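This is the structure alone, sequence omitted:
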């Protein structure tokens with residue numbers, strides 16, 4: 001090693017402020033996707049009784065809607081109530097395990 005401890009102690013005050021104050025240029029900063037999406041209270045076309053049942057089972061409307069949206073992607077073209085009934089049935093099945 002060609003550098004001594006004394007040289008490191010001398011160089012540290014010079015190097016440290018440069019590291020602490022450096023920021024990436026604005027164009028290369030990542031945008032935050034932490035913005036919350038609006039959650040609809042009820043979905044048009046679905047039976048409100050099914051919606052209330054699923055909402056009460058998940059205790060979170062966003063989770064319930066995410067389950068239904070996932071089923072819509074897997075099984076396109078089904079009636080709206082089918083997605084809600086399937087999400088409820090899947091939850092009941094998974095909780096039995």
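Everything's here; your move. Source: prediction; values computed, not measured.

In space, what's closest to residue 80 - neighbours in sequence excluded?
Nearest residue to residue 80, sequence neighbours excluded (Cβ to Cβ, 6 or more residues apart in numbering): residue 45, at 4.1 Å. Using the backbone N, CA and C atoms, a C-beta is placed for each residue, glycine as well.

The one you found reaches residue 78, doesn't it?
No: counting by Cβ atoms under 8 Å, residue 45 sits too far from residue 78 to count as a contact (11.6 Å).

which residues of this structure score low on pLDDT?
1-43 (pLDDT under 70).

at 50 what do you get?
Applying pLDDT under 50 to the chain flags residues 18, 39.

circling back to that earlier point, what about the residue nearest to residue 80, neighbour count?
10 (other Cβ atoms under 10 Å).

which SSE is it in?
Assigned by DSSP states H and E, residue 45 falls within no helix or strand.

what's the answer for residue 82, then?
Here residue 82 is assigned to helix 80-96, by DSSP H and E.

Equivalent analysis for residue 56, please.
Going by DSSP H and E, residue 56 is part of helix 48-58.

Other residues contacting that helix?
By Cβ atoms under 8 Å, 6 or more residues apart in numbering, the residues outside helix 48-58 that reach it are 42, 43, 61, 64, 67, 68, 81, 84, 85, 87, 88, 91.

Buried ones among these?
By neighbour count, with 16 or more other Cβ atoms under 10 Å, the contacts of helix 48-58 hold 43, 64, 67, 68, 84, 85, 87, 88, 91 as buried.

okay, the residues you listed in CSV with distance to residue 57 next?
Output for these, formatted as CSV (distance: Cβ to Cβ, whole Å):
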residue, distance to residue 57
43, 16
64, 8
67, 10
68, 12
84, 11
85, 12
87, 9
88, 7
91, 5
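
what's the most distant pair in these?
Using Cβ to Cβ, these span at most 16.9 Å, a distance reached by 43 and 91.

Apart from its chain neighbours, what residue comes closest to residue 68?
Nearest residue to residue 68 in three dimensions, chain neighbours excluded: residue 83, at 4.9 Å (Cβ to Cβ, 6+ apart).
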